[in-house]
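Undergrad: my questions are about this predicted structure, shown below with the sequence.
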Amino acid sequence: MGSRDPVNALQELHYALETMQDNYFELWAGLWPAAIDWTAAVLGTHMSASLYSLTNSFDYILPPPSVGERSLYGERVENEINKYFTQTIASYFGQNDFELRFQGYDDMLWVVLGWLESLRFIKFHSTSHYDPGEGGTPWYGQQFEPAFNHRARIFYELSETGWDTELCGGGMKWANTFPPYKNAITNELFVAASVGMYLYFTGDKNPSPLMNPANRSESASADAITSGPYDPKFRDAAITAYDWLKNSKMTNAAGLYTDGFHIRDYGKDGTIGTGKCDERNEMVYTYNQGVILSGLRGLWEATGNVTYLEDGHHLVRNVMKATGWTGPTSSGLSSHSDEPSRPGSDSNQQYLNPDPDTSSTLPPWHGLGRAGILEEACDASGTCSQDGQTFKSIFFHHLTLFCAPLPLTAVAPGKTAAADPEVRSLHRQSCMAYAAWVARNARAALATRRDGKFGMWWGAKWTSEERRIPDGTMDLRNEGEQTRGSADGSMAGRLDWDVNDRGRGRTVETQGGGVAVLRSMWEFIRMFKDSE
């Protein structure tokens, strides 16, 4: 890991973000050239989320009232924030928004989430550090809110046409493909994007580039132009979508979301077959366990229904168990019975060892990782695709959003919820119990760095290779339909080189994973500091 202190999560977050942008981003083009459209949208999301953490990390005053260490440091952080926000602006103009309109519904929804994250950051940074009411000036980034709102709305409206009630009684289609596929990620994205539009979208007066309002109904034109903030149609769409997802039987026996459903005999004799989601692809990916977490956190804030938080905590604990984690998992809010533990106790320190194993034998596979470290099924064999290299970063981003402190005062009285002290405390205790697991994953990710660049397989302290996917499963995200689970789900071979140089090697997507898990580690550390 070099001379950098892996415990200093904030310093490491600065460095990881710097490495990602200096090595992979082209300012003149507004692009991460090696990324594809949807992974670039995710990278932009990580950048805005990191800026949120940076501006929330120190209480600094601008302009500084005096020349002192604290104020100078505040200026440095502000300069860094402005540098990367300028790159966010460039990525707005560099984004391939025209082509994305013709891609899958999941691709469109990644765009929505990305610009909602930027809007969330702009509002927080502006209100935290700028006060025009005291003779100051607004933060310059606020002038981009209309543009970001507009793009979020356009792509949300394009994506919502994927909601379908003819098949499976509801649910989002993955894309306009044949045969149709209703998968977990697209539906989770729709939940998260819908409730995000309710909470963070502040309206859009620009009707372009959709059809001329004169050619649309008067009511539709008014809705499109003036919708927001806190438009109940977004909240209601999220409620409906999660209700369908929760009852779709998309989760397996371990409580993890599988990839999705096909419809049996669809297209046979020109019919829709059974019309039901009755052929499930059992493949499990990390990001399918993550995106829904921010959606559940948003649904709680939009409705005040604690069940959404309980569902989220239960899923997080299932994920941790599926990595082989033996440390603390529970200490607070849940509708399920979990063995309680004391977050923050000295006993948790045993789980912070960054070295999972130094032997040449892989620890047992538990369904989503091993030795307490999150893992894709393609990690050990080095066969992860560009899509797969993005997944773990998505999980940790949405886990971090889920565990954000609940507000004791409603952000928008009558529109959003406030937590009573008991619920806030229970949510916090539950999240604090996850901190050691988050730290273990962050340190394992740090162990893969070369020249500041993160590898894909965070558990790569081992020198053996194994491929582990369920029997009969199709890993569509990485190697296509031809890759199916074998009877024992494994293949072995000795590796005598850096395992993270295999396959696609270190990429902008794996760097995004480093940024996301370090931001998660820092926010969980803040949680402990705030509780002292």
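TA: Arrived safely, thanks for sending.
Undergrad: show me the contacts for residue 279.
TA: Contact analysis of residue 279 by C-beta atoms under 8 Å, 6 or more residues apart in numbering lists 261, 262, 263, 264. Backbone N, C-alpha and C define where each C-beta goes, glycine included.
Undergrad: please, which helix or strand holds the closest residue to residue 448 other than its chain neighbours?
TA: Sequence neighbours aside, residue 455 is the residue nearest to residue 448 in space, at 3.3 Å (criterion: C-beta to C-beta, 6 or more residues apart in numbering). Here residue 455 sits in a region with no helix or strand, counting by DSSP states H and E.
Undergrad: show me what contacts residue 455?
TA: Residue 455 makes contact with 445, 448, 449, 498, 499, 500, 505, 506, 510 under the criterion C-beta under 8 Å, 6+ apart.
Undergrad: which one of the residues you listed is nearest to residue 231?
TA: residue 510 (37.6 Å; C-beta to C-beta).
Undergrad: measure the closest one to residue 161 for me?
TA: Here the criterion is C-beta to C-beta, to the nearest Å. By it, residue 510 lies 33 Å from residue 161.
Undergrad: so these two - more neighbours on which side?
TA: The neighbour count for residue 510 versus residue 161, taken as other C-beta atoms under 10 Å, is higher for residue 510 (25 against 12).
Undergrad: wouldn't the more buried one be in contact with residue 456 here?
TA: Yes - between residue 510 and residue 456 there is a contact at 4.7 Å, judged by C-beta atoms under 8 Å.
Undergrad: any idea how many residues pack against residue 269?
TA: For residue 269, using other C-beta under 10 Å, the count is 6.
Undergrad: per-residue confidence for it?
TA: Per-residue confidence (pLDDT) for residue 269: 86.
Undergrad: can you check residue 459 too?
TA: pLDDT, residue 459: 88.
Undergrad: also the one 5 residues further on?
TA: Looking at residue 464, its pLDDT stands at 41.
Undergrad: rewinding a little: possible to save the contacts of residue 279 as a markdown table with neighbour count?
TA: Formatted as a markdown table, the entries for those read as follows, by neighbours: other C-beta atoms under 10 Å:
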| residue | neighbour count |
| --- | --- |
| 261 | 23 |
| 262 | 17 |
| 263 | 21 |
| 264 | 14 |
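Undergrad: quick revisit: buried ones among the contacts of residue 455?
TA: With neighbours counted by 16 or more other C-beta atoms under 10 Å, the contacts of residue 455 contain buried members at 445, 448, 449, 499, 500, 506, 510.
Undergrad: ok, the fifth one to residue 9 distance?
TA: This means residue 500. From residue 500 to residue 9 the distance is 21 Å (C-beta to C-beta).
Undergrad: and the second one, by the same measure?
TA: Using C-beta to C-beta, residue 448 is found at 16 Å from residue 9.
Undergrad: between residue 510 and residue 456, what contacts are shared?
TA: 389, 500.
Undergrad: state the mean pLDDT of stretch 312-319.
TA: 97.
Undergrad: alpha carbons of it, as PDB, please.
TA: Taking C-alpha atoms only, stretch 312-319 is exported to PDB below (Å, rounded to 0.1, in the frame of the first residue of the first chain):
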ATOM      1  CA  GLY A 312     -32.900  -2.300   3.600                       C
ATOM      2  CA  HIS A 313     -31.200  -3.400   6.700                       C
ATOM      3  CA  HIS A 314     -32.200  -7.000   6.200                       C
ATOM      4  CA  LEU A 315     -30.800  -6.900   2.700                       C
ATOM      5  CA  VAL A 316     -27.500  -5.400   3.900                       C
ATOM      6  CA  ARG A 317     -27.100  -8.200   6.400                       C
ATOM      7  CA  ASN A 318     -27.800 -10.800   3.800                       C
ATOM      8  CA  VAL A 319     -25.100  -9.400   1.600                       C
END
